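[1] structure for this input, please:
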Amino acid sequence: MLAGVWKQWLFKKREAVSKNRKQAISSGVSIPGEIQEVIQHFFCTYDNFQGARNLQTDTFIKEVFYATKQEPMDQSTVEEMETYLHYNNMQRLRLKHYEIDEFLMVDSDVCLVGVTREYSGNVKNRVLYFLHKEDGGWRFHHIARSHYGVVLDKFQVREQTGFVIGNEKAAMLFLTHSSSSAATNYMTGDYVHAEGYLEVEQQVSGQLFYRVVRMNRIH
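    Purely as a prediction, here's the structure:
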């Protein structure tokens with residue numbers, strides 16, 4: 001009985017928090033109404049990972065799962081990944097506020113949304129979401145994260161250029177097509193800000209890597 005009352009109270013508390021969650025859109029950022037509705041629904045159910053499942057592709061689920069669990073050889077099904085992420089999110093910091101500070105229509109059925117997210121505990125980060133239009137509806141397909149560090153190594157893998165970015169304690173592997181500007185503009189020793197999404201369909205020597213979306217040199 002007490003357990004049931006506690007669960008009911010907790011549900012109402014979380015529902016109230018999600019309703020009071022503040023959304024902001026930076027001046028100069030214009031978003032089509034149908035896309036804005038999808039974004040709003042996604043963040044309204046942010047702490048309940050399964051609440052917006054119909055707005056997420058399987059690729060998006062996989063990217064979040066592998067980035068969270070950090071076990072590239074894990075062979076969980078998409079349904080098992082959903083369950084893991086759902087319960088993991090319940091233990092994490094709560095989203096308090098988010099601000100959409102960038103929007104770009106990449107194509108008629110692909111858009112990019114830049115979001116700064118603020119959590120309890122004064123924790124902030126910024127990500128890029130890619131939404132794809134499928135069967136007449138918009139869904140979250142990629143999440144590109146920001147990484148700052150030194151280009152520790154640069155190498156070729158067939159038609160792709162790889163960058164190892166980080167420091168002596170930790171580093172991330174990024175890949176981009178060898179004909180891209182990032183492949184030619186950045187060298188070993190450069191301090192860069194790289195944005196990329198986790199590639200979940202391919203691996204390099206058993207490792208997951210990030211697909212470069214943007215890269216900028218920091219002077």
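[2] can you count the residues close to Glu195?
    19 (other Cβ atoms under 10 Å). (Each C-beta comes from the backbone N, C-alpha and C, glycine too.)
[3] now do Asp74
    Asp74 - counted by other Cβ under 10 Å - has 12 other residues nearby.
[4] leaving out sequence neighbours, find the closest residue to it.
    Tyr66 (7.3 Å; Cβ to Cβ, 6 or more residues apart in numbering).
[5] that neighbour: which element?
    Assigned by DSSP states H and E, Tyr66 belongs to helix 58-69.
[6] pLDDT of that helix, averaged?
    Averaged across helix 58-69, pLDDT comes to 93.
[7] mind saving the C-alpha coords of the helix or strand just after that helix as PDB?
    Where DSSP H and E defines the elements, the next helix or strand beyond helix 58-69 is helix 78-90. Extracted in PDB, the C-alpha atoms of helix 78-90 (Å, rounded to 0.1, in the frame of the first residue of the first chain):
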ATOM      1  CA  VAL A  78      16.900  -2.200 -29.200                       C
ATOM      2  CA  GLU A  79      14.100  -3.100 -26.700                       C
ATOM      3  CA  GLU A  80      16.800  -4.000 -24.100                       C
ATOM      4  CA  MET A  81      18.600  -0.800 -24.800                       C
ATOM      5  CA  GLU A  82      15.400   1.200 -24.200                       C
ATOM      6  CA  THR A  83      14.800  -0.500 -20.800                       C
ATOM      7  CA  TYR A  84      18.400   0.100 -19.800                       C
ATOM      8  CA  LEU A  85      18.200   3.800 -20.700                       C
ATOM      9  CA  HIS A  86      14.900   4.300 -19.100                       C
ATOM     10  CA  TYR A  87      16.000   3.100 -15.700                       C
ATOM     11  CA  ASN A  88      19.400   4.800 -16.100                       C
ATOM     12  CA  ASN A  89      17.800   8.100 -16.700                       C
ATOM     13  CA  MET A  90      15.700   7.800 -13.600                       C
END
